[in-house]
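# Whatever this is, show me its structure:
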Amino acid sequence: MRVDNAFNGSFYKYRAKNGRDVSFHVYYQSQQKKLAEALNMSKPSEEYAMLSIKKDRRELAEVVGEYNAEALEELSFDCGACGCMIRSREEWEATEVGKAVKDMPLIRLEREGKSTAVPRWGKPNSRGPLSGVKVLDLTHIIAGPACSRVLAEYGADVLLIRRGGYMEQEQAMLEFDGWAGKQSIQLDFNIPEQLEKAKELIKQADVITYSYQNGALDHFGLSEEDIRKLNPKIIYANLMCFSDTVWKQRPGWAPCAEDITGLSVRNGSLEKPVNLNGVPLDYFPGFVLALGTLLAIAGKLKEGGGYKVTTSLTRGAQYLHECTDLCGAATPAGDTSCVLTKSDEPVWDRVLHYVGGCATGGKAGFPGPAAVNTVYPPNARNLRFTDGNTGWNQK
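Reported below is the predicted structural model:
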């Protein structure tokens, strides 16, 4: 409930001094605090709540009206928060960061290191084709967890490192479906013993999925470079908001990516931008990262070595623009895309699958699997979520 307030950029846009709209995307209380202080708001950030939205929106509108939209964008990022001027696609593609995102491939796959040793992973079994592959999950909210959940559905052994007390966290209910198929361990990197535990897990992992802001864990000795020193053969799958060159270190969220790339304008108008329903720009890039990770796993089985997989929320947005262009240009008599794999598996007959033995107590209902597998049947048991473990699943 704490994210449903006047700062929620998914719902509320504000008109700046120069007549352009801005949106703020500060879904963590820590980010909202930084922005509220930078804007010199009248009360502490935690007092901006759902019940005071109407009054708070009036105040925020007055504050925003004192700035130009581009200045607010820079202020938001400079203070460690996240906000943007809402752009059309053409405006986005004319910016330095927009050009950098367009230059990125949808999936950047790079081989790292000189080792040619091919891993001796266990043979695929009833869990799926990724049986025996250990994935250390350093992701949060939706996009990153969507990637590692797909790997779990294919049978990988996924261990999520997360903070404790999830019911008290702002985004707990948004994260829940991304926990399916995983085990989790609660570690506080500020405690030396627990940080060392994380480093030991890194040494044991085959894949790391990472979706925090680039540089967020560097001061713990967990930068990509540090991780590769601990485990030179790791597959490092990285999901960011912007490009891997320009704005590489800036934070971002899916609704921000929609607003800044022109998707919100395309879905509505420049006068009344509308965010996409159901945050597809979280799930889609997460699935793209999963695809890139599968390609890296296949490459590792052939050549060994380490790999880096990179995509971004805004690159996913660019691809959605491109796909929409193709659909718009298609004629009824022309070529159209189609689903290549059809399946009659009953696992997709229900929206929710109830899996027993979950950490939440009793059965938990998770959305149906996203993975399509033509060799091994979908295994709903792979959706089980357990918590508080000390290591990998040994079953």
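
# Name the next helix or strand downstream of the lowest-mean-pLDDT helix or strand in the chain, please.
Lowest mean confidence among the helices and strands of the chain (mean pLDDT, DSSP states H and E): helix 172-175, at a mean of 73. Using DSSP states H and E, the helix or strand that follows helix 172-175 in sequence is strand 182-186.

# Parallel or antiparallel, list what pairs with that next one.
strand 157-162 (parallel), strand 386-387 (parallel) (DSSP bridges).

# what separates that strand from the chain centre, distance-wise?
18 Å (C-alpha atoms, centre = their mean, to the nearest Å).

# Could you list the buried residues of it?
The neighbour-count check on strand 182-186 (16 or more other C-beta atoms under 10 Å) flags Lys182, Gln183, Ser184, Ile185 as buried. (Each C-beta comes from the backbone N, C-alpha and C, glycine too.)

# Show me the shaky parts of the stretch 251-395 of the chain.
Within the stretch 251-395 of the chain, the segments meeting pLDDT under 70 span 330-343, 360-361, 394-395.

# one more time with 50
395 (pLDDT under 50).

# how about the helices of it, start to end?
With DSSP state H, counting those that start in this stretch as the criterion, the stretch 251-395 of the chain has helices at 254-261, 263-267, 280-303, 313-329.

# which outside residues touch the last one?
Residues from elsewhere that reach helix 313-329 (C-beta atoms under 8 Å, 6 or more residues apart in numbering): 89, 97, 101-102, 104, 106, 143, 239-243, 252-254, 256-258, 260-263, 266, 280-282, 284-285, 288, 337.

# Could you tell me whether Val246 really is in a strand?
No - with DSSP: H, G, I helix; E, B strand; the rest coil as the criterion, Val246 is coil rather than part of a strand.

# Quick check: pLDDT value at it.
Val246 is assigned 97 on the pLDDT scale.

# Check whether it really touches Ala100, as I assumed.
Yes - between Val246 and Ala100 there is a contact under C-beta atoms under 8 Å: 3.9 Å.

# who has more neighbours, these two?
More neighbours surround Ala100 than the other of Val246 and Ala100, with 19 against 16 (other C-beta atoms under 10 Å).

# and the more buried one, what is it in contact with?
Ala100 makes contacts with Phe242, Ser243, Thr245, Val246, Trp247, as judged by C-beta under 8 Å, 6+ apart.

# does the first one sit in a helix, a strand or a coil?
Of the three states, Phe242 takes coil according to three-state DSSP.

# Can you tell me how far it is from Thr311?
11 Å (C-beta to C-beta, to the nearest Å).

# Hey, what's the angle from the stretch of helix or strand Arg111 belongs to to helix 280-303? Just curious.
Arg111 is part of strand 108-112, with elements assigned from DSSP H and E. With axes from the mean of the first three to the mean of the last three C-alpha atoms, to 10 degrees applied, the angle from strand 108-112 to helix 280-303 works out at 30 degrees.

# Report all helices and strands that strand 108-112 contacts.
Using 3 or more C-beta pairs under 8 Å, 6 or more residues apart in numbering; DSSP states H and E, the elements in contact with strand 108-112 are helix 280-303, strand 306-312.

# Mind doing that once more with 6 Å?
With contacts taken as 3 or more C-beta pairs under 6 Å, 6 or more residues apart in numbering; DSSP states H and E, strand 108-112 sits against strand 306-312.
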